[in-house]
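Colleague: what's the 3D shape of this:
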Amino acid sequence: MSGDRVERRLAAILAADVAGYSRLIGADEGGTLQALKAIRTELIDPKIAEHRGRLVKTTGDGLLVEFGSVVDALRCATEVQRAMAGRNSGVLPDERIDFRIGINMGDIVVEDGDIFGDGVNVAARLEGLAEPGGVCVSARVQEDAAGRLDLAFEDMGEQALRNIARPVRAYRVAMERPVEVAEEPAPLLLPDKPSIAVLPFANLSRDPEQEFFADGIAEDIITALSKLRWFFVIARNSSFTYKGRAVDVKQVGRELGVRYVLEGSVRKSGSRLRITAQLVEATSGNHVWAERWDRDIGDIFEVQDEITERVVAAIEPQLYAAEHFRSQRKPPESLDAWECVVRALSYISRRSQEDNATALELLQRAVTLDPAYAQAHSVLAYVLGLDAVYGWRPRENVLPLALESAQRAVLLDDDDPWSHVALGSVFARVDRPEEAISEFRRALALNPNFALAHSRLGMALCALGQSEEALTEIDTAERLNPRELWRGLNNLARAIAHFIDARYDKGIEFAQRAILEGPGRIHSHRTLVVNLALAGRIDDARTALAVLRTLQPDFSLEWVENYRREEDRRRWIEGFRLVGLE
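Modeller: Predicted coordinates:
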């Protein structure tokens, strides 16, 4: 080191990295890198600036920051971790982006903007001791912060850190204790009609392959109950977030906003089934009824109908007597075809190209096994549409196939809501929003609890400039599906609705959320560019456009969204021209 370039000073050093970075990159490299870039832009960089820090360098999955004081470093770290906890709410554990942060106070050597020395090395080692989402600090940091910040520290004792000669006493910041931590969300208000969540049935068989079978039983009960207009039924994607967990039904009732919870188990041995089910009043924890069925596998649909009938009879006996409810769902001739559809639905929710391809294979097998199975055709159409939306295959190749499958599904079963959602989704993607809206409304007439139909209807209404009604549909979808894993679609619709109303700051907020929740959805990136540009944030809009072009290299002004109002089309084009697109 040259003497005139070396500087020594005392500083608070913050080291951070992404927990499980290699796994995240291996599962979805493009999506992970986009999500991290958005987190840097929207959260980390502003927090560093707010607390007078200096970003020294980034290291792929990590970063090194210098602060003038321990207080600034700790405030920055804890605020980032709390914000990340909020962003990760509802995200599957394998898809979460969690940071580990270590902070040390020590002497550093500065050369050409970079920093070196034991002070830096200790911070990096402390970061390795931190839990995902946590902060670990040295004794010097804990001593300097004591009494100056409303934080609690847990003593981790003396730690032997790699390549550090002396033991270092470490402390864990108790993130859950500060008063600034947000209180538990208030319970959702109960609807004004009987409300229920059907939890995934437990698989008691030794064969893990039977997980899909157990899921299919719960899925079909949800479908059957959803067709009852007098019931409020939580969507599958929210109910299934409790899969594999020991749950407190009272907590489920509070989190999902329902009065009743149905849970059960399945044991399959050869051609014999044992199915148990129990209905619990979530508000009190009292069991309403419980029953067990021992049947041949060929009677599976009868058992599903019987469970559904018992639920209705227990909750609304007078309606049950008046309506003499029987499930109208048309089961496939082949159980193998049914099981293929159940498995495909589980893959669709994972939102990756590989999983979508697996779902496609399963659905193609299902329609081969049972060509008259309407739901197999409708879900096949929806999966083909996802290929087009995410750019996994050329639109001109897959949308005609999707339209053919959706039309066949409607012909086979005009009373299946999935068929109409699939057909409406294809119409929306080929710039036929009026026909799309008609199909989505038909689906909701058949199943008022179909959260996806409400979401898709909201998107289609945006194309016609009907922003207020669109936002109402999106809110309804999220109430039916409060733990939805595809919130990206809903937040995209919100971003478009706010663009329509010229509320560009809100459009930016919801477009950014949509990108975090579904980084591969190109429409979200386009909507972010336009809202940023029209809000006057030209530099940010150009950065967002650069990201968009990595996802869609052929993007041009020809990609005007399906807006019917000339005013919306004009402003959309204007937004892109502001960032230099011609």
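
Colleague: In the protein, where is pLDDT below threshold?
Modeller: Within the chain, the stretches with pLDDT under 70 are 1-6, 90, 147, 175-187, 192-193, 228-230, 308-335, 349-351, 482-487, 559-561.

Colleague: Got the domain ranges for it?
Modeller: Annotated domains of the chain cover 3-173, 197-323, 332-448, 488-582 [automatic domain parsing].

Colleague: Let me have the ones you listed in JSON lines, extended by distance to residue 461 and mean neighbour count.
Modeller: C-beta: built from backbone N, CA, C; applies to glycine. Compiled in JSON lines, those are given as follows (distance: least, C-beta to C-beta, whole Å; neighbours: other C-beta atoms under 10 Å):
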{"stretch": "domain 3-173", "distance to residue 461": "25", "mean neighbour count": "18"}
{"stretch": "domain 197-323", "distance to residue 461": "20", "mean neighbour count": "18"}
{"stretch": "domain 332-448", "distance to residue 461": "7", "mean neighbour count": "21"}
{"stretch": "domain 488-582", "distance to residue 461": "8", "mean neighbour count": "19"}
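
Colleague: of all those domains, which lies closest to residue 189?
Modeller: Minimum separation from residue 189 across these (C-beta to C-beta) falls at domain 197-323, 6.4 Å.

Colleague: which stretches of the stretch 201-350 of the chain form strands?
Modeller: Using DSSP state E, counting those that start in this stretch, the strands found in the stretch 201-350 of the chain span residues 202-203, 232-233, 260-269, 272-281, 286-296.

Colleague: tilt between the fourth one and strand 260-269?
Modeller: Interaxial angle of strand 272-281 relative to strand 260-269 (axes from the mean of the first three to the mean of the last three C-alpha atoms, to 10 degrees): 170 degrees.

Colleague: just the strands in the chain please.
Modeller: 6-18, 54-58, 62-67, 99-111, 114-116, 135-138, 153-159, 168-173, 195-198, 202-203, 232-233, 260-269, 272-281, 286-296 (DSSP state E).

Colleague: helices and strands around the fifth one, which ones?
Modeller: What that stands for is strand 114-116. Using 3 or more C-beta pairs under 8 Å, 6 or more residues apart in numbering; DSSP states H and E as the contact test, the elements touching strand 114-116 are strand 54-58, strand 99-111.

Colleague: rerun that using 6 Å as the cut-off
Modeller: Packing contacts for strand 114-116, counted by 3 or more C-beta pairs under 6 Å, 6 or more residues apart in numbering; DSSP states H and E, involve no helix or strand.

Colleague: That strand pairs with which strands?
Modeller: In the sheet, strand 114-116 lines up against strand 99-111 (antiparallel) (DSSP bridges).

Colleague: by how many degrees do the strand it pairs with and strand 168-173 diverge?
Modeller: Here the directions of strand 99-111 and strand 168-173 differ by 130 degrees (the same axes, to 10 degrees).

Colleague: I'd like to know which of the strands of the chain is closest to residue 243.
Modeller: When the strands of the chain are compared by C-beta to C-beta, strand 202-203 sits nearest residue 243, at 9.2 Å.

Colleague: Report the distance from that closest one to the chain centre.
Modeller: Relative to its chain's centre, strand 202-203 lies at 24 Å (C-alpha atoms, centre = their mean, to the nearest Å).

Colleague: quick one: contacts of that strand?
Modeller: 210, 211, 214, 265 (C-beta atoms under 6 Å, 6 or more residues apart in numbering).

Colleague: What is the most widely separated pair among these?
Modeller: Distance extremes for the contacts of strand 202-203: the farthest pair is 211 and 265 at 12.1 Å, using C-beta to C-beta.

Colleague: Once you drop chain neighbours, what's closest to residue 364?
Modeller: Excluding the flanking residues, the one nearest residue 364 by C-beta to C-beta, 6 or more residues apart in numbering is residue 380, at 6.9 Å.

Colleague: Of all the domains of the chain, which one comes closest to residue 462?
Modeller: Using C-beta to C-beta, the nearest of the domains of the chain to residue 462 is domain 488-582, at 4.4 Å.

Colleague: distance between the ends of the closest one?
Modeller: Length of domain 488-582, first residue to last, C-alpha to C-alpha, to the nearest Å: 29 Å.

Colleague: cool, stretch 123-134 as well?
Modeller: End residues of stretch 123-134 are separated by 14 Å (C-alpha to C-alpha).

Colleague: re earlier: would TSV of the domains of the chain with distance to residue 188 be doable?
Modeller: Shown next, in TSV, are these (distance: least, C-beta to C-beta, whole Å):
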stretch	distance to residue 188
domain 3-173	14
domain 197-323	3
domain 332-448	18
domain 488-582	16
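
Colleague: Adding distance to residue 429 as columns, could you present the strands of the chain in CSV?
Modeller: Formatted as CSV, the strands of the chain follow (distance: least, C-beta to C-beta, whole Å):
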stretch, distance to residue 429
strand 6-18, 34
strand 54-58, 38
strand 62-67, 39
strand 99-111, 37
strand 114-116, 50
strand 135-138, 45
strand 153-159, 52
strand 168-173, 48
strand 195-198, 31
strand 202-203, 36
strand 232-233, 28
strand 260-269, 35
strand 272-281, 39
strand 286-296, 42
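
Colleague: show me what contacts the residue lying closest to residue 16 once chain neighbours are set aside?
Modeller: Leaving aside its chain neighbours, residue 16 sits nearest to residue 101 (4.6 Å; criterion: C-beta to C-beta, 6+ apart). Going by C-beta under 6 Å, 6+ apart, residue 101 touches 16, 77, 127, 130, 135.

Colleague: how about 10 Å then?
Modeller: Going by C-beta atoms under 10 Å, 6 or more residues apart in numbering, residue 101 touches 14-17, 62-63, 65, 73-74, 76-78, 80-81, 123, 126-127, 130, 133-137, 173.
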